[in-house]
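# Build the 3D model from these lines:
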Amino acid sequence: MTNTYDTGRLNLPFVGISTFGKRPYVEDWDSLDADVAILGAPFDAGTQWRSGARFGPRAVREASTLFSFGHGGAYDHEDDITYLPNTVRIVDMGDADIIHTDTEGSHRNIETGVRAALASGALPVTIGGDHSINIPCIRAFDDQGDIHILQIDAHLDFVDERHGVRHGHGNPMRRAAECDYVTGLTQVGIRNVSSTAREGYEDARAMGSDIISVRQARDLGARGVINHIPAGARVYITIDIDAFCPSIAPGTGTPSHGGFLYYDVLEMLQIVAQRHHILGIDLVEVAPEYDPTGSTAILAAQVLMNLLGFVFLARGM
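Sure thing, here's the model as predicted:
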């Protein structure tokens, strides 16, 4: 592997501009040429309690510089594999333009970014923002064939409508289930008091959702959970950082105790990447204001880096 520090510059993590993993920034979305395109979606007007996820993309990018020491890939001694070698081309698209107070306009701009990544042949990875940003992400897949959604989250997010609101952060999985190209949802980590009422759970199951709590997931084990995804399904992964226990991820607007720990999620992601073609990813609800240690953003960046490593190893890269 080629180490970039051998070319004459050390370029430590705290030096330079905070693109994702210090990868190149591409402002012209019509000229994307990469395997992975990172898009920021700093929108949090869909929140029902604490705001602040609009600063998530910036925080996750800054945290991701921790994983940019210039090594030619990331060596994992347990797996004896170097993940994300230089041959995996990752670029940062910057952020979709957000229009204050305008959910639909902001969502359209996010959708435009995801469509640009897909048109270029790159794997779109969107960093939110609140979970409503998943709605435009999934809309962008309307010409990509059938997809199955793996949601890792504390909350079901299956509200249909409340007081006219249909595109907030409690609605995305309902909006996804309404898409004819979404063949099903596997919703993992759902627990405790939810923003979705009982009838929402009944609707979710009737519309093709498989709902697994944290305790059920631990009984099943990572392989057992991923076995719930139909064989051969092409998978979109959406990760809400509140799926993790707030003891390790306090920086989020709606923390819920009893959540996953790091390896609970990492092992599921490794197995789903081995078994299924991953079409797109989003990670949402990092609100750095509530975590002065910065560990929530570091967790988010580390999860994304590892997930990308699993995906491209499975692709032979």
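# quick one: the helices in the chain?
Across the chain, reading from the start of the chain, the helices by DSSP state H fall at 56-64, 103-120, 134-139, 172-177, 198-206, 214-226, 262-275, 295-314.
# By mean pLDDT, show me the worst of those.
Across the helices of the chain, the stretch with the lowest average pLDDT is helix 198-206; it has a mean of 91.
# Just the C-alpha atoms of it, please, in PDB.
Extracted in PDB, the C-alpha atoms of helix 198-206 (Å, rounded to 0.1, in the frame of the first residue of the first chain):
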ATOM      1  CA  ARG A 198     -49.300   1.400  18.500                       C
ATOM      2  CA  GLU A 199     -51.200   1.800  15.300                       C
ATOM      3  CA  GLY A 200     -48.000   2.900  13.600                       C
ATOM      4  CA  TYR A 201     -46.400  -0.400  14.500                       C
ATOM      5  CA  GLU A 202     -49.400  -2.300  13.200                       C
ATOM      6  CA  ASP A 203     -49.200  -0.300   9.900                       C
ATOM      7  CA  ALA A 204     -45.500  -0.900   9.700                       C
ATOM      8  CA  ARG A 205     -45.900  -4.700   9.900                       C
ATOM      9  CA  ALA A 206     -48.800  -4.600   7.500                       C
END
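# between the helices of the chain, which gets nearest to D92?
Each of the helices of the chain was checked against D92 via C-beta to C-beta, and the shortest separation belongs to helix 56-64, namely 7.4 Å. To be clear about C-beta, it is placed using only N, CA and C from the backbone, and glycine gets the same treatment.
# quick one on the thing from earlier: could you redo the helices of the chain as JSON lines and give each row distance to K22 and mean neighbour count?
Compiled in JSON lines, the helices of the chain are given as follows (distance: least, C-beta to C-beta, whole Å; neighbours: other C-beta atoms under 10 Å):
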{"stretch": "helix 56-64", "distance to K22": "8", "mean neighbour count": "25"}
{"stretch": "helix 103-120", "distance to K22": "19", "mean neighbour count": "20"}
{"stretch": "helix 134-139", "distance to K22": "24", "mean neighbour count": "26"}
{"stretch": "helix 172-177", "distance to K22": "30", "mean neighbour count": "25"}
{"stretch": "helix 198-206", "distance to K22": "40", "mean neighbour count": "14"}
{"stretch": "helix 214-226", "distance to K22": "31", "mean neighbour count": "17"}
{"stretch": "helix 262-275", "distance to K22": "23", "mean neighbour count": "19"}
{"stretch": "helix 295-314", "distance to K22": "12", "mean neighbour count": "22"}
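# Which of those sits closest to T2?
When the helices of the chain are compared by C-beta to C-beta, helix 295-314 sits nearest T2, at 16.7 Å.
# between that closest one and helix 56-64, how big is the angle?
Helix 295-314 runs at 70 degrees relative to helix 56-64, counting by axes from the mean of the first three to the mean of the last three C-alpha atoms, to 10 degrees.
# Show me what helix 295-314 is packed against.
Counting contacts by 3 or more C-beta pairs under 8 Å, 6 or more residues apart in numbering; DSSP states H and E, helix 295-314 packs against helix 56-64, strand 74-76, strand 81-83, strand 123-128, helix 262-275, strand 277-284.
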